[in-house]
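Colleague: 3D, please:
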Amino acid sequence: MKTLGILLSTVGLAGVGAIALAATPAQAAEAASCSGARSISSAPMLRDHTPPSWGTVRLVRDSCSQYWAEITMASPMVANAKANAFLVQYGGANSGRVLSCDNSGGNGAVIQGQRTCRTPKVKSTDGSVTFAAIGREFHNYGGGYEEISENATKRTR
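Modeller: Next comes the predicted model:
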């Protein structure tokens, strides 16, 4: 009897998994239809505002009017260093909203061994809304993370 209960509960869990997987193809189809992602503005990541560039922060838009920020470092981050991109919205109902790679829908800040991250995507068809991307690089010298570089793209649509 115990075996039958385990079997039925396992089948029930498998059914839940099948239901959860059923939503995935629709999401994938929507993502696939939003092609044409292109950088609409970019800025170099400079330390003390002087070359060389240690990476690039970009504002990106796709064919579905979704916007996001990406940061790509020139080489993988070392221990005790991290970088993050921020998407800033100007205008509209969410004016002043700032999203980072660490927000839900982003892929997490750039940490040791990584080079890039992106923020969540924000859909906007309102012509009065503009966006900017900000990139920040941090290093922990033993007293917590301190910002060592920052740059931003121009505000644009």
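Colleague: From now on I want contacts and neighbour counts done on CA atoms only, so please keep to that.
Modeller: Fine.
Colleague: ok, which stretches of the protein are helices?
Modeller: 2-33 (DSSP state H).
Colleague: Low-confidence regions, it specifically.
Modeller: Counting by pLDDT under 70, the chain contains low-confidence ranges at 1-32.
Colleague: need the strands for it, in chain order.
Modeller: 38-47, 50-61, 66-73, 81-90, 98-100, 116-118, 122-123, 130-140, 145-152 (DSSP state E).
Colleague: Could you list everything Lys82 pairs with in the sheet?
Modeller: Note on Lys82: beta-bridge partners by DSSP bridges are Phe138.
Colleague: Which residues are in contact with it?
Modeller: Ala109, Val110, Ile111, Gln112, Glu137, Phe138, His139 (CA atoms under 8 Å, 6 or more residues apart in numbering).
Colleague: The last one and Ala81 touch, don't they?
Modeller: It refers to His139. Yes. His139 is within contact range of Ala81, at 4.3 Å (criterion: CA atoms under 8 Å).
Colleague: Please identify every residue contacting each of those two.
Modeller: Tyr145.
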